[in-house]
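Novice: Any chance you could fold what I've pasted below:
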Amino acid sequence: MSNSTAKKRRTWPWVVLAAVIVVLLIVWQQGSASLSGYETATVQRRDLATYYTFSGTLTPITDKMQTSKEAMKVKELYAAEGDVVTSGQMLLRGSSGTRVYAAHEGTVEALLPEVDDAVPSGQVE
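Specialist: Next up, the predicted model:
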């Protein structure tokens, strides 16, 4: 066996060992870097809260519409679209002093008249 072949056989295990050490160092460094985002805490007995998120469309079970019983000019509005009203809550006041109250409780989806609008009898309020 020649001297150079014996030398190659002796250096080959050292090259493989060095490569394995480099790979292990890289893996160890990446592993310790990913653990740095964690923090430790003392264990305590508490309730477990679960949160759910849903998407979709809600449709009301009942949809009520209220109309004017007499013609009037709107002087003041006491409710706006999106407001939650209770039955008997004042919605608007006419220029003649006539007051219109909510006949049902719920959320105002649409309020057609505005201040100073003339509302004929039977029009949606």
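Novice: Tell me which stretches of this protein form strands.
Specialist: 72-77, 84-85, 90-94, 99-101, 106-107, 118-119 (DSSP state E).
Novice: Output these as a markdown table; include the columns mean pLDDT.
Specialist: Converted to a markdown table, these look like this (pLDDT from 0 to 100):
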| stretch | mean pLDDT |
| --- | --- |
| strand 72-77 | 90 |
| strand 84-85 | 90 |
| strand 90-94 | 89 |
| strand 99-101 | 87 |
| strand 106-107 | 86 |
| strand 118-119 | 84 |
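Novice: Would you point to the one among those that's packed deepest?
Specialist: strand 90-94 (a mean of 19; mean count of other Cβ atoms under 10 Å). The C-beta positions use only the backbone N, C-alpha and C, and glycine is treated the same way.
Novice: Touching it from outside, list them.
Specialist: 66, 72-79, 85, 99-102, 108, 111, 113, 119, 125 (Cβ atoms under 8 Å, 6 or more residues apart in numbering).
Novice: mind redoing it with 6 Å?
Specialist: By Cβ atoms under 6 Å, 6 or more residues apart in numbering, the surrounding residues in contact with strand 90-94 are 72, 74-79, 99-102.
Novice: which among those gets closest to residue 51?
Specialist: Closest approach to residue 51 among the contacts of strand 90-94 (Cβ to Cβ): residue 79, at 32.9 Å.
Novice: and that closest one, what pLDDT?
Specialist: Note on residue 79: pLDDT of 90.
Novice: Contacts only, for it.
Specialist: Counting by Cβ under 6 Å, 6+ apart, residue 79 has contacts 85, 91, 108.
Novice: Need the residue closest to the centroid of this protein.
Specialist: residue 53 (8.0 Å; Cα atoms, centre = their mean).
Novice: residues contacting that residue?
Specialist: Contacts of residue 53 by Cβ under 6 Å, 6+ apart: none found.
Novice: Tell me which helix or strand in this structure has the weakest average pLDDT.
Specialist: In the chain, the helix or strand scored least confidently by mean pLDDT, DSSP states H and E is helix 3-35, which has a mean of 77.
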